[in-house]
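[1] Pasting a predicted model and its sequence here:
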Amino acid sequence: MIISVIGLGYIGLPTAAILASKGVNVIGVDTNKNIVDTVNQGKIHIVEPGLDFLVHNAVKSGQLRAVSNPERADVFMIAVPTPFKGDNEPNLSYIKSAAKAISPVLEKGNLVILESTVPVGTTEKIVEWIKVERPDLSFPEFGSNELQYDIAIAHCPERVLPGYVVSELVENDRIIGGITTKCAKRACDLYKIFVKADCLITDCRTAELSKLVENSFRDVNIAFANELSLICDKLNINVWKMIELANYHPRVNILRPGPGVGGHCIAVDPWFIVSSAPNETKLIQTAREVNNNKPNFVMDKIDHAVESIGRKKSELTVACLGLAFKQDIDDLRESPALVIAHQVGLMGFGACYLVEPNNDEVPEIFNNTKVKLTPVDVALEVADIVVLLVDHSSFKEIDLSLLSDKKIIDTKGIWS
Ligand code: SAJ
């Protein structure tokens, strides 16, 4: 059997490597020539623990090779990005391109699986896009009991946590939604090659929505926590302690407030539900607003800190600790910490120090500022105001006596 994985990014590459490690012949396809070359050298282009070893072995053993254009295979797994456009509308152009790219090499009996997170109805759209290119092939129809068709199609959303992808791909339960039940069963047999947990069969629309709902559930819960942080600030209560106590209730599990919600999943996926049902998603939209507004609250806190010191900003030094979208990673996508640090860099402080232990260079967004990227001890020595934006492990180990003479804005509650 040959499996072709379209898109060698955060999900596609680990999936390709794990399948190869199980003895499957895998062809990875990516439009980015640098990625193709890197993978063919047995190397990786992303930071993900354990992945370099897997890819190195898969390429060395000949089980995995990367190419720029799709070739014939038995199964095609599409794992390309689904970003959103400026108006919060999903951008399906990568998925459409992938569907069109595999169309010429599709053969009777092939299985096509969509792994990318998508709005409801996208799996069915793939059928329509491929049909235009290949009128000679027959396809299943949603809700039909017809068992005879040439190409089986299913949606199996990935649900892995960055930093734990290699183990979660194998250990997590999977939802497998077919255009028909027969399609889902075929996809299920495929996932059993490497998934140790349960493969739960459903239809593709339910699978599409359940993935979006998982991330929206978290977004709404974090928005609740962020709202609690505003309430507690007003009432002079320690929100971290209060949530910790409330969570002692056996059926309460409130997540943690922070400077906002980042990443390419939780800050994005709720909009895919909103775009399908704009009038029915009041809570989901409000949660997005609450989380998107949290950086403004942090900026107000910084203004108050300046006022309370009573000196001009140009005479003060500020340190922003953390730029990534969450702890112990280097990923800056949709990061609220990055947005806040950038605004701080433009505020006119005498000096602005950035500390990001997982990045070596000042990100491009700061080109119009005079910020400096420094180790944490350098920043703490000179800072009048310290803004903790990410709960990186190394920040938790800071000797609190070093902070005693400074104004502290701890958005993650690690020093509270
Ligand atoms: N965050 C908080 N408070 C919390 C938890 C998280 O403010 O209590 C913030 C983080 O700091 C970060 C953002 O939320 O800015 C997202 O972080 P995350 O760790 O919750 O999630 P992601 O984006 O790294 O991964 C999520 C996961 N989804 C769920 O847990 C439901 C992962 O399983 C998905 O595979 C991934 O999205 C995805 O690709 O959809």
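    Thanks, I have the structure now. Residues are numbered from 1 along each chain as shown.
[2] per-residue confidence for the residue of the stretch 301-416 of the chain at minimum distance from the ligand?
    Taking CB to the nearest ligand atom as the measure, the point where the stretch 301-416 of the chain comes nearest the ligand is Lys326, at 3.8 Å. For glycine as for every other residue, the C-beta is placed from the backbone atoms N, C-alpha and C. Here the pLDDT value assigned to Lys326 is 94.
[3] So that it lines up with my notes, have the first residue be 15 from now on.
    New numbering, starting at 15: the last item is Lys340.
[4] Give me the phi and psi for it.
    phi -160, psi -180 (degrees, to the nearest 10).
[5] could you give the mean pLDDT of stretch 157-169?
    Here the average pLDDT along stretch 157-169 is 91.
[6] which residues are contacting that stretch?
    Stretch 157-169 has contacts (CB atoms under 8 Å, 6 or more residues apart in numbering) with 120, 122-129, 132, 136-137, 140-141, 144, 151-154, 190-194, 196-198, 200-201, 217-218, 221-222.
[7] try 6 Å
    Contact with stretch 157-169 is made by 122, 124-128, 137, 141, 151-154, 190-193, 196-198, 200-201, 218, 221-222, as judged by CB atoms under 6 Å, 6 or more residues apart in numbering.
[8] go on, stretch 273-288?
    The contact list for stretch 273-288 (CB under 6 Å, 6+ apart) reads 98, 102, 104, 131, 133, 226, 229-230, 232-233, 236, 295, 298-299, 302, 305, 308-309, 312, 339, 347-351, 354, 403, 425.
[9] Tell me which residues of stretch 66-85 come out buried.
    Buried residues in stretch 66-85, counted by 16 or more other CB atoms under 10 Å: 68-70, 72-73, 77-80, 84.
[10] so Cys334, which of the three states?
    At Cys334 the chain is in strand, as set by DSSP: H, G, I helix; E, B strand; the rest coil.
[11] Could you do the one 10 residues further on as well?
    Classification of Asp344 into helix, strand or coil gives coil, according to three-state DSSP.
[12] count of residues packed around the closest residue to it other than its chain neighbours?
    Nearest non-adjacent residue to Asp344, counting by CB to CB, 6 or more residues apart in numbering: Asn372, 3.9 Å away. Per other CB atoms under 10 Å, the neighbour tally for Asn372 reads 17.
[13] which residues touch the residue of the stretch 15-164 of the chain at minimum distance from the ligand?
    Nearest to the ligand, among the residues of the stretch 15-164 of the chain, is Thr131, at 5.6 Å (CB to the nearest ligand atom). By CB under 6 Å, 6+ apart, the contact set of Thr131 is 96, 171, 225, 283.
[14] Out of those residues, grab the one that's most surrounded.
    That'd be Asp283 among the contacts of Thr131, by other CB under 10 Å, with 27 neighbours.
[15] for the buried residues of stretch 66-85, which one is nearest Thr331?
    Set against Thr331, the nearest of those by CB to CB is Val69 (43.1 Å).
[16] which SS state does that closest one fall under?
    What three-state DSSP gives for Val69 is helix.
[17] does the residue lying closest to it once chain neighbours are set aside sit in a helix or strand, and which one?
    Spatial nearest neighbour of Val69, chain neighbours left out: Ala31 (4.8 Å); criterion: CB to CB, 6+ apart. Assigned by DSSP states H and E, Ala31 belongs to helix 26-35.
[18] elements contacting that helix?
    strand 16-20, strand 39-43, helix 65-74, helix 179-185 (3 or more CB pairs under 6 Å, 6 or more residues apart in numbering; DSSP states H and E).
[19] contacting residues around stretch 360-371?
    Stretch 360-371 is contacted by residues 327-335, 337, 355, 358-359, 383, 385-388, 390, 393, 406, 408 when judged by CB under 6 Å, 6+ apart.
[20] Show me which residues of the stretch 215-364 of the chain sit near the ligand.
    Applying CB under 6 Å from any ligand atom, we find that the stretch 215-364 of the chain lies next to the ligand at 228-229, 232, 236, 269-270, 272, 275-277, 279-280, 339-340.
[21] The stretch 15-164 of the chain now?
    For the stretch 15-164 of the chain, the residues in contact with the ligand (CB under 6 Å from any ligand atom) are Thr131.
[22] thinking again about what came up before, tell me the contacts of the residue nearest to Val69?
    Counting by CB under 6 Å, 6+ apart, the residues that Ala31 touches are 68-69, 72.
[23] ditto for Leu33
    Residues near Leu33 by CB under 6 Å, 6+ apart: 17, 40.
[24] do the one 5 residues further on as well
    With contact taken as CB under 6 Å, 6+ apart, Val38 is in contact with Ile17.
[25] phi, psi of it?
    With angles defined as degrees, to the nearest 10, Val38 sits at phi -80, psi 150.
[26] any idea how far it is from Asp317?
    57 Å (CB to CB, to the nearest Å).
[27] what does Leu387 give?
    Distance, Leu387 to Asp317, using CB to CB: 24 Å.
[28] which one of those two has more residues nearby?
    Remark: of Leu387 and Asp317, Leu387 carries more neighbours, 17 against 11, as counted by other CB under 10 Å.
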